[in-house]
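S.K.: structure for the following, please:
(2 chains)
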There are 2 protein chains.
Amino acid sequence: MDWEQVFATRAGRMKASEIRELLKLLEQPDIISFAGGIPDAALFPKAAVTEAYARVLDGDQAATALQYSVSEGYRPLREWIVGEMRALGIGCRAENVLITSGSQQVLDYLGKIFLSPKDTALVTWPTYLGALGAFNAYEPTYDRLTPLSNREAGSYREAAEKAGGRIKFAYCVPEFSNPTGETMTRAAREWLLDLASELDIAVVEDAAYQALRYDGESVPPVLALDIARNGGDIDKTRTLYCGSFSKTLAPGLRVGWVVAAEPVIRKLVLVKQAADLHSSTINQMVIGDVAASVFEAQVKRIRETYSARRDRMLSALDKAMPAGVEWSRPEGGMFVWMTLPKGMDGAALLARAIRDYRIAFVPGKAFHADGSGENTLRLSFSCASFQMIDEGISRLGDLVRREMVSSAA
Amino acid sequence: MDWEQVFATRAGRMKASEIRELLKLLEQPDIISFAGGIPDAALFPKAAVTEAYARVLDGDQAATALQYSVSEGYRPLREWIVGEMRALGIGCRAENVLITSGSQQVLDYLGKIFLSPKDTALVTWPTYLGALGAFNAYEPTYDRLTPLSNREAGSYREAAEKAGGRIKFAYCVPEFSNPTGETMTRAAREWLLDLASELDIAVVEDAAYQALRYDGESVPPVLALDIARNGGDIDKTRTLYCGSFSKTLAPGLRVGWVVAAEPVIRKLVLVKQAADLHSSTINQMVIGDVAASVFEAQVKRIRETYSARRDRMLSALDKAMPAGVEWSRPEGGMFVWMTLPKGMDGAALLARAIRDYRIAFVPGKAFHADGSGENTLRLSFSCASFQMIDEGISRLGDLVRREMVSSAA
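M.R.: Prediction:
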């Protein structure tokens, strides 16, 4: 059977895979890599997780842990999440929470329930690569979300009609965004809700980095603002809040969640039931156990480590980078976003960086739904020691300076 | 936001949810239920699983177990599966194996890569409810797969064109099918491959119950026959074999797999990457550890228990059922399929069974893509003690006899 031909007839703009292939090449041991966007394994709460698996498998609850379970998710974990959400100003009940296999899975399900081919999804330029990967499977068009701009709802609507479909949702990572590290101001969030209300579309708030604030003033989640606009009633809101334990506890268990109006959750439960029945029962119980016992201490520990690495990277950049290069100063998360002078190409730079300087990063173009952003790149500090940061950023400065000179010549 | 209206515009024939809602109602403690299709929790290899989690979290590999991992799945587990597949006559390499979150997830991905709205999927009448649930999300039409019939490829093709699309695959559960318990003969499997070849479509072999043969002669998997037709080269085959640890080890870890030609696996890896990144790393490692140590002994234990229950149920049916009622005599799996005299209605019978006889089963209509099968029902013996079987089947006999008399009157 000619499988290549079969699949060629299906759309498959899988840009995420291309970039991940590249990341694999970067795993050579002498390379100082700022490319990966993963948490530092040294910070995983290994002891608490080990104890939790033993506890969950001890006695009568083992039969529950190893058996099929409901698609909505393990109720005590959903209730723990309700408590966390309330602390963020998101008043909700367990019926507003669905447990998923990482927050990536929610993005796939959102594509599934909202997007028909040629529909429009609004995303920022740049945006999270994995979101584009999840949505691409449903063959949408993208339009650019430009917070606090003067662009009016009518202009978005016209563009979507021209593309042959309707606008279905706006996707954003309001806190310490992947890839830019930047945070949407309260005014930008209110602008987004105004726009979404005019267009009558959903808002997808990807809050994967929510717990990783190191300084600056906290801003209410978009869902909290939406609830306030609706007299405190979450079931009247249009915002879907996607959370994850991957950045705080451990990604290997694949546990995330989504909080939204109950009709949305009911629909997502049906989608999940049809797609994979439910997320791992035992892992949900273990995450619930670990969260209840060590979540606060764990988050404190991660914040201390990552914020020191961020500080070190920002200092190193101040020292190493020539004038004309700009970068974000994130208040949390894992990433610094760099903008090189116009005309420079992050992908070409990466090739030289690996070959001549033994350093790596992710070129920014991949994060742009329109293929722009050639002169940008993403640096991750989550897994880098001070020594790696000092040495790697110094090399990056040398490389960029050399490229600027040669492109000026 | 009017969510109900938003979702009303998307197709959503979620019959699986309706039946599962019903099953929840049946969990009243004094009901003898043959409804659930789940493994007996008393048979889970609890000690081996507990030791495996402790082992996987001990020492350096804990960092791997708790971290993100590749979408293809944990390589040692894929290699263990290669060995198991070879023993079934399926010569393959690790590159032919993708680990998924249960075999249900493969069905969703198959819908995603193959089905556009109005395309046709061939399924048996009746078929696995969860497969219909997974495929329905992609809005296909169904046509009836009738093994060993004289129906020709042209007739299938015409029906698909009339429905407005193309035939994309044939789905079957060849061993101890859910819901009928029946097994496809070798001749039926060859017929299926002939038909698929004429139509140039894929074959999806759902092998969830493969390891649960209690007696009778084993039949080569469809994929093994397909490989033999292609000179031993799996990469030329059209069959996708979906396996699961849910019926042998434990469903709560959500680990299954798919074996197919390498181009199919490569495509599915991209789909999985976009949909949920990868299945739980730690659970894959634990399943690999448990499979390597106790798989054979575990399967032996399950077979002994379930086959004794099947025998008991068949004897009880012989004793209790009036003439005119027929049922399958499965050589493995978890289910007996019963056909009542024409005109009787399984759903109406269930209502009376719960109210007056305190017994439960699943009406067969839900398993039929065309809504037929009113006079059928599914009985599961996997979780029933001898006492439950004797008492429950005796009551079912009384009920059916009473109904036959009253419908004859």
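
S.K.: which SS state does the closest residue to A:Val97 other than its chain neighbours fall under?
M.R.: Among residues not flanking A:Val97 along the chain, A:Arg78 sits closest, at 4.3 Å (CB to CB, 6 or more residues apart in numbering or on different chains). Glycine gets a C-beta too; all of them are placed from N, C-alpha and C. Following DSSP: H, G, I helix; E, B strand; the rest coil, we place A:Arg78 in the helix state.

S.K.: contacts only, for A:Arg78.
M.R.: Residues near A:Arg78 by CB atoms under 8 Å, 6 or more residues apart in numbering or on different chains: A:72, A:94, A:97, A:99, A:257.

S.K.: ok, now A:Gly288?
M.R.: With CB under 8 Å, 6+ apart, A:Gly288 has these contacts: A:74, A:76-77, A:80.

S.K.: run through who's touching stretch A:309-329.
M.R.: Contacts to stretch A:309-329, defined as CB under 8 Å, 6+ apart, come from residues A:180-182, A:214, A:330, A:335-341, A:379, A:381-382, A:384, A:386, A:389-390, A:393-394, A:396-398, A:400-401, A:404.

S.K.: can you give me phi and psi for A:Asp289?
M.R.: Per-residue torsions, A:Asp289: phi -70, psi -50 (degrees, to the nearest 10).

S.K.: returning to that earlier point: quick one: which of the contacts of A:Gly288 is nearest A:Leu66?
M.R.: Within those, the smallest distance to A:Leu66 is 13.1 Å, found for A:Tyr74 (CB to CB).

S.K.: what's the closest non-adjacent residue to the closest one?
M.R.: A:Gln284 (3.9 Å).

S.K.: cool, and A:Ala121?
M.R.: Counting by CB to CB, 6+ apart, A:Pro140 is the residue found nearest to A:Ala121 once chain neighbours are left out, at 4.8 Å.

S.K.: quick one, what contacts that neighbour?
M.R.: Contacts of A:Pro140 by CB under 8 Å, 6+ apart are A:111, A:115, A:117-121, A:165, A:168.

S.K.: let's see which of those end up in strands.
M.R.: Among the contacts of A:Pro140, DSSP state E puts A:120-121, A:168 in strands.

S.K.: of the contacts of stretch A:309-329, which are in range of chain B?
M.R.: Among the contacts of stretch A:309-329, proximity to chain B is found for none (CB under 8 Å from any CB of the partner chain).

S.K.: sort out which of the residues you listed are in strands and list them.
M.R.: Per DSSP E, the subset of the contacts of stretch A:309-329 in strands is A:335-339, A:379.

S.K.: hmm, A:Glu175 is touching A:Gln210, no?
M.R.: Yes. At 5.4 Å, A:Glu175 and A:Gln210 qualify as touching, with contact defined as CB atoms under 8 Å.

S.K.: how much space separates the residue lying closest to A:Lys168 once chain neighbours are set aside from B:Leu377?
M.R.: Leaving aside its chain neighbours, A:Lys168 sits nearest to A:Phe114 (4.1 Å; criterion: CB to CB, 6+ apart). Here A:Phe114 is placed at a distance of 38 Å from B:Leu377 (CB to CB, to the nearest Å).

S.K.: those two: which has the busier surroundings?
M.R.: Shown here are A:Phe114 and B:Leu377; by other CB atoms under 10 Å in any protein chain shown, B:Leu377 has more neighbours (30 against 23).

S.K.: residues from the stretch 101-250 of chain A in reach of chain B?
M.R.: By the rule CB under 8 Å from any CB, the part of the stretch 101-250 of chain A lying against chain B is A:101-102, A:104-105, A:108, A:112-113, A:130, A:133-134, A:136-137, A:200, A:202, A:236-238, A:246, A:250.

S.K.: select only the buried ones of the residues you listed in PyMOL?
M.R.: Filtering these down to the buried ones (16 or more other CB atoms under 10 Å in any protein chain shown) takes a single PyMOL command:
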select buried, chain A and resi 101+102+104+105+108+112+113+130+133+134+136+137+202+237+238+246+250
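
S.K.: that older thread, please list the members of the contacts of stretch A:309-329 that lie in helices.
M.R.: A:386, A:389-390, A:393-394, A:396-398, A:400-401, A:404 (DSSP state H).

S.K.: possible to save those as JSON lines with neighbour count and pLDDT?
M.R.: Formatted as JSON lines, the ones in helices among the contacts of stretch A:309-329 follow (neighbours: other CB atoms under 10 Å in any protein chain shown; pLDDT from 0 to 100):
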{"residue": "A:Phe386", "neighbour count": "13", "pLDDT": "98"}
{"residue": "A:Ile389", "neighbour count": "23", "pLDDT": "98"}
{"residue": "A:Asp390", "neighbour count": "18", "pLDDT": "98"}
{"residue": "A:Ile393", "neighbour count": "27", "pLDDT": "98"}
{"residue": "A:Ser394", "neighbour count": "15", "pLDDT": "98"}
{"residue": "A:Leu396", "neighbour count": "26", "pLDDT": "98"}
{"residue": "A:Gly397", "neighbour count": "17", "pLDDT": "98"}
{"residue": "A:Asp398", "neighbour count": "15", "pLDDT": "97"}
{"residue": "A:Val400", "neighbour count": "22", "pLDDT": "97"}
{"residue": "A:Arg401", "neighbour count": "15", "pLDDT": "96"}
{"residue": "A:Met404", "neighbour count": "18", "pLDDT": "90"}
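
S.K.: nearest to A:Arg55 among the residues you listed?
M.R.: When these are compared for distance to A:Arg55 (CB to CB), A:Phe386 wins out at 36.7 Å.

S.K.: the strands in chain A, which residues?
M.R.: A:32-33, A:97-100, A:120-123, A:141-144, A:167-172, A:202-206, A:239-244, A:256-259, A:326-327, A:335-339, A:359-360, A:362-363, A:376-380.

S.K.: and those as TSV, adding mean pLDDT and distance to B:Arg303?
M.R.: Listed next are the strands of chain A as TSV, based on pLDDT from 0 to 100; distance: least, CB to CB, whole Å:
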stretch	mean pLDDT	distance to B:Arg303
strand A:32-33	94	50
strand A:97-100	98	34
strand A:120-123	98	50
strand A:141-144	96	53
strand A:167-172	98	49
strand A:202-206	98	46
strand A:239-244	98	41
strand A:256-259	98	37
strand A:326-327	98	62
strand A:335-339	98	53
strand A:359-360	94	52
strand A:362-363	92	51
strand A:376-380	97	50
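
S.K.: out of those, which is closest to A:Ala351?
M.R.: Closest to A:Ala351 of these is strand A:362-363 (CB to CB; 9.5 Å).

S.K.: hmm, that closest one in reach of chain B?
M.R.: No. Strand A:362-363 is not in contact with chain B by CB under 8 Å from any CB; minimum separation 15.2 Å.

S.K.: for that strand, packing partners?
M.R.: helix A:346-352, strand A:376-380 (3 or more CB pairs under 8 Å, 6 or more residues apart in numbering or on different chains; DSSP states H and E).

S.K.: run the last query once more with 6 Å
M.R.: helix A:346-352 (3 or more CB pairs under 6 Å, 6 or more residues apart in numbering or on different chains; DSSP states H and E).

S.K.: can you list contacts of the helix it packs on?
M.R.: Helix A:346-352 is touched from outside by A:363-364, A:376-377, with contacts defined as CB atoms under 6 Å, 6 or more residues apart in numbering or on different chains.

S.K.: kindly recompute the last result at 8 Å.
M.R.: Outside helix A:346-352, the residues touching it (CB under 8 Å, 6+ apart) are A:22, A:340, A:360-365, A:373-377, A:399-400, A:403.

S.K.: return the alpha-carbon coordinates of it using CSV.
M.R.: Output of helix A:346-352 as CSV, limited to C-alpha atoms (Å, rounded to 0.1, in the frame of the first residue of the first chain):
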residue,chain,number,x,y,z
GLY,A,346,18.1,33.1,13.5
ALA,A,347,18.1,29.8,11.7
ALA,A,348,21.4,30.6,9.8
LEU,A,349,22.8,31.8,13.1
LEU,A,350,21.9,28.5,14.8
ALA,A,351,23.8,26.5,12.2
ARG,A,352,26.9,28.6,12.8
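
S.K.: now it: mean pLDDT?
M.R.: Here helix A:346-352 scores 91 as its mean pLDDT.
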